[in-house]
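K.L.:
A structural model of the following input is requested.
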Amino acid sequence: MTSTPLYAMIRAVLILLLMAILPTGALAEEPESTPAGYWEGAIELPGTRLDVQVNLRLAPDGQWQGDISIPLQNARNLPLGDFQLSGQKLSFKISGVPGEPTFNGTLTDNGQRLAGTFTQGGQEFPFALEKAADPATAARHSLSGLDEVIGDAMTTFHVPGLAIAVVKDTEVIYLKGFGRRDVENDLPVTPETLFAIGSSTKAFTTFVLGTLVDEGLLDWDQPVRTWIPWFQLSDPVITERITPRDLVTHRSGLPRHDLVWYNNFSASRQGLVEKMAYLEFNADLRERFQYNNLMFLTAGYLTEVVTEQSWEEAVRDRILIPLEMSRTNFSVLDSQADPDHALPYREEKDRLERIPFRPITTVGPAGSINSSVADMSHWLLVHLNQGRYGDRRVMGPSTLQDMHLAHMVTGEPPERPELTPPVYGLGWFRQSYRGHTVVHHGGNIDGFSAMVALFPQDGCGMVILTNLNGTPLRDLLVWHVADRLLGLEAKDWIGEAAAKRSKAKEIGEKAEKKKATRRKPGTRPAHAPGDYAGIYDHAGYGHLEIALDGDKLVATYNGIATPLEHWHYDTFNGLKAEDDVFEDMKYTFYTDEKGHIATLSVPFEATVSPIVFTRQPADKYYDPEFLIRFTGEYDMETTHITVGLRGDTLTLAVPGQPLVDLEPDLGDEFVIHQYSVVSVGFITDEAGNITALELYQPNGVFTAKKIVGNTQGE
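P.N.:
Next up, the predicted model:
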């Protein structure tokens with residue numbers, strides 16, 4: 001149908017309603033059939049029914065107050081004013097809106113019905129409201145028996161501890177802890193227990209960016225280089241085009257490359273951003289959804305540049321303090337100093353196993369926040385109330401709505417008819433659950449699983465925190481609680497998932513038994529074990545060390561040591577270790593034309609080519625105190641060769657030829673920088689003294705005996 005001009009105006013005005021201090025009209029006293037309470041109904045606009053929800057209350061000073069919510073427009077708790085009550089006649093206005101939108105009605109049915117005319121800009125439309133149970137009260141009743149459901153589900157899924165908060169409109173209606181935060185010491189979970197929330201942190205980072213947008217300090221759609229001029233990615237075109245919105249919508253074209261930051265305690269945030277210049281892309285900008293923690297790290301670093309504060313300080317000042325989230329912190333090290341914190345666990349062959357905390361402070365903007373459900377309930381409130389927490393505006397409503405809108409399709413196929421494929425907003429996933437919009441983001445970090453879910457059009461939300469690695473129960477409880485709150489037909493989400501879980505375990509066990517079939521039998525390494533030992537380097541990933549422990553090799557990356565077993569040829573397999581991140585990872589070594597093991601290839605990022613680490617010469621070959629032992633005069637019968645030292649670089653001089661530099665190479669050799677096909681090796685006697693040098697050239701090996709030299713170090 002074609003909308004009338006008035007209808008279009010009303011819809012536009014209702015979207016852009018201004019929040020203001022509630023004006024009130026004085027009434028002598030509350031009548032017998034009081035309008036105080038919660039009302040539901042609709043304005044009958046041409047061709048459509050505009051559902052509204054109205055709260056009316058009499059303040060202690062005798063003034064009437066109220067607010068109105070319009071779910072279709074995602075408008076919540078808009079102020080009402082100019083109340084006039086005479087007998088059964090009642091009128092009030094939506095404050096601060098052009099056209100003076102006014103309800104004029106009559107109370108009937110003993111004050112249970114209010115019907116009449118809604119006017120705006122001289123046009124009239126009928127409306128009718130019925131008194132209903134207060135939404136928060138009704139929501140509380142819908143959760144009756146939830147304690148038992150959660151307890152049984154925790155047993156089914158072997159979850160040691162869980163805390164949950166449920167919010168309806170402006171009230172926390174359910175706040176409880178279940179199970180044990182510390183199994184070994186039998187310590188209970190409380191609503192104040194601290195859990196790691198993992199990637200649910202991402203929405204905090206985008207919220208801070210949103211406040212900077214509100215203040216005019218940032219623009220979602222200007223290039224990142226506007227604020228970080230040195231910012232560089234491996235694709236120069238993407239470097240120039242990528243924006244803050246791209247950073248936080250997983251559409252940069254860069255795959256995860258998570259092992260660059262995982263367990264990396266030596267790199268700074270700026271250092272990790274700099275390493276991104278050496279990481280391989282596998283898609284163009286905005287071509288494909290690819291979850292990426294490094295881009296969120298970059299977004300957090302961007303807040304540091306713009307605010308001249310640390311990301312932690314910006315989150316504290318712009319979120320935690322105004323939202324009264326006093327227990328929330330940014331490091332599991334801080335959590336462990338708190339008397340009420342949960343310990344991390346994983347399930348290993350149907351039994352719980354406590355695991356170490358994983359500090360991820362450097363990549364904090366992507367996932368390092370720790371909080372309690374009591375604190376996180378405040379986070380739900382600000383998102384369900386258009387950026388307001390209590391009487392304080394923390395974010396503009398249009399900016400908050402932008403965070404919840406779809407900005408990137410994920411391309412995921414639908415798994416169930418109840419759920420549409422998710423899309424991604426600014427730090428939030430968005431999809432439809434049985435016809436209801438849900439905005440959510442989970443979090444998984446070693447030993448903890450979290451879920452934050454909002455139903456903005458229904459005015460409800462929930463946060464679920466657990467201390468078990470990767471448990472699906474966090475999601476299942478969202479759907480179970482939503483069915484109750486939204487009055488939907490119950491579905492056995494938990495029972496269905498439990499049955500699938502058992503089948504998945506069985507399939508996984510069968511697959512694990514077959515992994516050895518990919519191994520080529522009867523092969524052996526091309527080199528002795530010690531020949532593989534050394535430091536291997538990649539400009540983006542940093543150092544990977546291979547060491548010899550007895551007759552076995554051990555790979556160490558970002559402080560995680562993994563024993564290796566020979567798999568086949570020059571490929572080795574990662575074995576289970578105390579930290580099993582690299583279990584079953586394949587390490588393949590390659591030999592150069594000189595017979596030296598020169599590179600190591602490891603599939604650290606599955607969506608691009610294996611990461612190639614280049615073997616580095618030993619550190620001693622860059623130490624002047626060690627290098628001086630090679631200097632001196634060498635006789636090749638037909639000519640003399642002089643080896644000198646300039647800083648930390650050896651030089652080689654042959655009469656009649658330019659001075660050349662010797663760069664450390666593999667196999668205890670040096671390559672001539674200016675003639676890379678020529679290298680130099682030094683010969684020692686049994687006492688370790690330098691006796692000669694050899695020039696390795698394509699046409700032969702030439703020997704020069706040492707005749708005069710510096711004996712220091714020999």
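K.L.:
Tell me the buried residues in stretch 593-605?
P.N.:
596, 597, 598, 600, 601, 602, 604, 605 (16 or more other Cβ atoms under 10 Å). From N, CA and C alone the C-beta is placed, and that goes for glycine too.
K.L.:
quick check: mean pLDDT across stretch 575-594?
P.N.:
Throughout stretch 575-594, pLDDT has a mean value of 95.
K.L.:
Contacts for it next, please.
P.N.:
262-263, 356, 515, 526-527, 532, 546, 555, 557, 560-565, 567, 570-574, 597-604, 610, 666-667, 669, 679 (Cβ atoms under 8 Å, 6 or more residues apart in numbering).
K.L.:
picking that back up, for the buried residues of stretch 593-605, which one is nearest residue 299?
P.N.:
residue 605 (20.3 Å; Cβ to Cβ).
K.L.:
For the closest one, give its distance to residue 281.
P.N.:
According to Cβ to Cβ, to the nearest Å, residue 605 and residue 281 sit 11 Å apart.
K.L.:
Any idea how far apart the tips of stretch 557-573 sit?
P.N.:
Here the two ends of stretch 557-573 are set 15 Å apart, with distance taken as Cα to Cα, to the nearest Å.
K.L.:
quick one, strands of the stretch 251-400 of the chain?
P.N.:
Remark: strands assigned in the stretch 251-400 of the chain by DSSP state E, counting those that start in this stretch are 345-348, 351-354, 370-371, 388-389, 392-393.
K.L.:
In terms of secondary structure, what does the second one contact?
P.N.:
Other elements packing on strand 351-354 under the criterion 3 or more Cβ pairs under 8 Å, 6 or more residues apart in numbering; DSSP states H and E are strand 345-348.
K.L.:
Now name the helix or strand holding residue 181.
P.N.:
Residue 181 is part of strand 171-182 when elements are defined by DSSP states H and E.
K.L.:
which of the residues in that strand are buried?
P.N.:
172, 173, 174, 175, 176, 177, 178, 179, 180, 181, 182.
K.L.:
if we can go back for a sec, in strands, which of the buried residues of stretch 593-605 appear?
P.N.:
Judged by DSSP state E, the subset of these located in strands is 597, 598, 600, 601, 602.
K.L.:
Relative to residue 419, which of the residues you listed is nearest.
P.N.:
residue 602 (36.4 Å).
K.L.:
Verify the stated contact: that closest one with residue 613.
P.N.:
Yes - Residue 602 lies in contact with residue 613 (Cβ atoms under 8 Å); the separation is 7.0 Å.
K.L.:
between residue 605 and residue 281, what contacts are shared?
P.N.:
residue 255.
K.L.:
about what we covered before: can you turn the buried subset of the contacts of stretch 575-594 into a selection I can paste into ChimeraX?
P.N.:
Entered in ChimeraX, the line below selects the buried ones among the contacts of stretch 575-594, by 16+ other Cβ under 10 Å:
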select :262,263,532,546,555,557,560,562,563,564,567,570,571,572,573,574,597,598,600,601,602,604,666,669,679
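K.L.:
Sitting in helices, which of the contacts of stretch 575-594 do you find?
P.N.:
Judged by DSSP state H, helices contain none of those.
K.L.:
check contacts around residue 249.
P.N.:
Counting by Cβ under 8 Å, 6+ apart, residue 249 has contacts 407, 408, 424, 425, 426.
K.L.:
what about 10 Å?
P.N.:
Contacts for residue 249 were tallied using Cβ atoms under 10 Å, 6 or more residues apart in numbering; they are 206, 220, 243, 286, 289, 292, 295, 406-408, 423-427.
K.L.:
which one of the strands of the stretch 251-400 of the chain lies closest to residue 334?
P.N.:
Nearest of the strands of the stretch 251-400 of the chain (Cβ to Cβ): strand 370-371, 7.2 Å.
K.L.:
What is the end-to-end distance of stretch 273-288?
P.N.:
Start-to-end, stretch 273-288 (Cα to Cα) is 21 Å.
K.L.:
Just to check, residue 682 is in contact with residue 634?
P.N.:
Yes - counting by Cβ atoms under 10 Å, residue 682 touches residue 634, with 9.4 Å between them.
K.L.:
overlap in contacts of the two?
P.N.:
By Cβ under 10 Å, 6+ apart, the residues touching both residue 682 and residue 634 are 643, 690, 691, 692, 693, 694, 706.
K.L.:
Show me where the stretch 51-200 of the chain dips below the pLDDT cut-off.
P.N.:
Across the stretch 51-200 of the chain, nothing is flagged by pLDDT under 70.
K.L.:
mind listing the helices in it by residue range?
P.N.:
135-142, 146-156 (DSSP state H, counting those that start in this stretch).
K.L.:
Got the domain ranges for this structure?
P.N.:
5-132, 146-506, 529-616, 620-709 (automatic domain parsing).
K.L.:
on that earlier part again, tabulate the buried residues of stretch 593-605 (CSV), appending distance to residue 371.
P.N.:
Below are those laid out as CSV (distance: Cβ to Cβ, whole Å):
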residue, distance to residue 371
596, 52
597, 48
598, 48
600, 40
601, 41
602, 35
604, 31
605, 30
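K.L.:
which one among the residues you listed gets closest to residue 165?
P.N.:
Nearest to residue 165 among those, with distances taken as Cβ to Cβ, is residue 605, at 36.5 Å.
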